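Colleague: Predicted structure and sequence below. I'll ask about it afterward.
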Amino acid sequence: MKLLIELPTWLGDCVIATPAIENIVNFHNDVEITFIGSFVSIEALKNHPKVIKTVVLSKKYADLYKISQELGNFDAFFSFRSSIRSKFLKFLISAKKKHQFDKNKYQNRHQVEKYNDFINDSLLIDVTAGKLKIYGYNIAKSKKKILGINPGASYGSAKRWYPQEFARVASELSKKYDIVIFGGASEIDIANDIEKELIKNNVKNYKNLAGKTTISELISKISRLDLFITGDSGPMHVAAAFQVPTVAIFGPTKDKETSQWRNEKSIIVKKNLECQPCMKRTCPLKHHNCMKLIKAVDVLNAFKDIYS
């Protein structure tokens, strides 16, 4: 059976969709899957054993018709996106059955369950969502334990904890762990701020990889971590897929919907303020207390709880 699957755009969302994708694979026999989506999503999931082809979608509407014609015919099409552009693509795609995620239909549950319920409804089944799964990576831990720090978040500045606090945690744990700072091209500045603080604290066993890794390299390096500090972000969900012990720092977003899925060693640090969760990219009240009030000691105590 030939299946066409349009992946979510963002790294975290496509990792979150993996239990639903496994649901599709387990339902059908002898499937051949073509993934279409953003460059990031394709890079993250291209190693799935059932995938025979991947296509990075153009952002231009004019290119969608050409792409749909080049893709050919399918037995079924599943889209994990609900944008107008994806609806137009669905119209163009040649498939016997077409299914598209409706974000307004699936509410008040974890995003993993939203995607999985979408597939259950599409296939008329009732299967519980399994664990996150990213194929193609062999986990090989190093002799020296490694702490990963991920200070960025593509959603906006409201989700970001402060570099001085990240550095305080890293400095405290540097005696037991080598430090790796992660981040995309837009997060180089905050990563450099953390690096400056580490230098001030005479910490030398660190690497600043912000803006220096491919998606595949990022996933590979996260899979090998022994501890991870992160905000609500794509790398947080990658860590969950590999069961990396994680302290996830939440501010304006809904941890009940976007926290790590089924990571047994995951702890959320948040302040539970009246204004949370506001779901804004920048703090509408201008004080940013949901993040500002979280201190290094809160995160260090959370790590102790993981291993207690």
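Modeller: Okay, I see it. Numbering: from 1, shown residues only.
Colleague: Could you list the domains of this protein?
Modeller: Under the assignment automatic domain parsing, the domains of the chain span 2-123, 146-306.
Colleague: Now mean neighbour count and distance to residue 136 too, for these, in JSON lines please.
Modeller: For every residue, glycine as well, the C-beta is placed using N, CA and C. Formatted as JSON lines, the domains of the chain follow (neighbours: other CB atoms under 10 Å; distance: least, CB to CB, whole Å):
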{"stretch": "domain 2-123", "mean neighbour count": "18", "distance to residue 136": "3"}
{"stretch": "domain 146-306", "mean neighbour count": "19", "distance to residue 136": "8"}
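Colleague: which SSE is the most far-flung residue of the chain relative to its centre in?
Modeller: In terms of distance from the mean C-alpha position of the chain, residue 202 ranks first, at 32.2 Å (CA atoms, centre = their mean). When elements are assigned from DSSP states H and E, residue 202 belongs to no helix and no strand.
Colleague: got it, and residue 21?
Modeller: Taking DSSP H and E as the definition, one finds residue 21 inside helix 18-27.
Colleague: Following element in sequence after that helix, please.
Modeller: Per DSSP H and E, the first helix or strand lying C-terminal to helix 18-27 is strand 32-37.
Colleague: which residues touch the following helix or strand past that next one?
Modeller: Note on strand 32-37: by DSSP H and E, the next helix or strand toward the C-terminus is helix 39-45. Defining contact as CB atoms under 8 Å, 6 or more residues apart in numbering, one finds that helix 39-45 is touched by 7-11, 13-15, 18, 21, 35-36, 51, 54-56, 134-135, 214-216, 219, 234, 238.
Colleague: so where's this structure shaky on pLDDT?
Modeller: In the prediction, the chain carries residues with pLDDT under 70 at positions 153-154.
Colleague: Do you have the helices of it handy? List them.
Modeller: Secondary structure of the chain by DSSP state H: the helices cover 11-16, 18-27, 39-45, 61-71, 84-92, 111-123, 163-173, 188-200, 215-223, 234-241, 255-258, 289-292, 296-306.
Colleague: for those helices, which one sits closest to residue 143?
Modeller: Between residue 143 and the helices of the chain, the tightest spacing by CB to CB is seen for helix 215-223, at 15.8 Å.
Colleague: Contact partners for the spatially closest residue to residue 264 that is not a sequence neighbour?
Modeller: Here the nearest residue to residue 264 in space, its sequence neighbours aside, is residue 243; by CB to CB, 6 or more residues apart in numbering that works out to 6.7 Å. Contact partners of residue 243, counting by CB under 8 Å, 6+ apart, are 263, 264, 265.
Colleague: any idea how far the second one is from residue 244?
Modeller: In this case it means residue 264. Residue 264 is 11 Å from residue 244, where distance means CB to CB, to the nearest Å.
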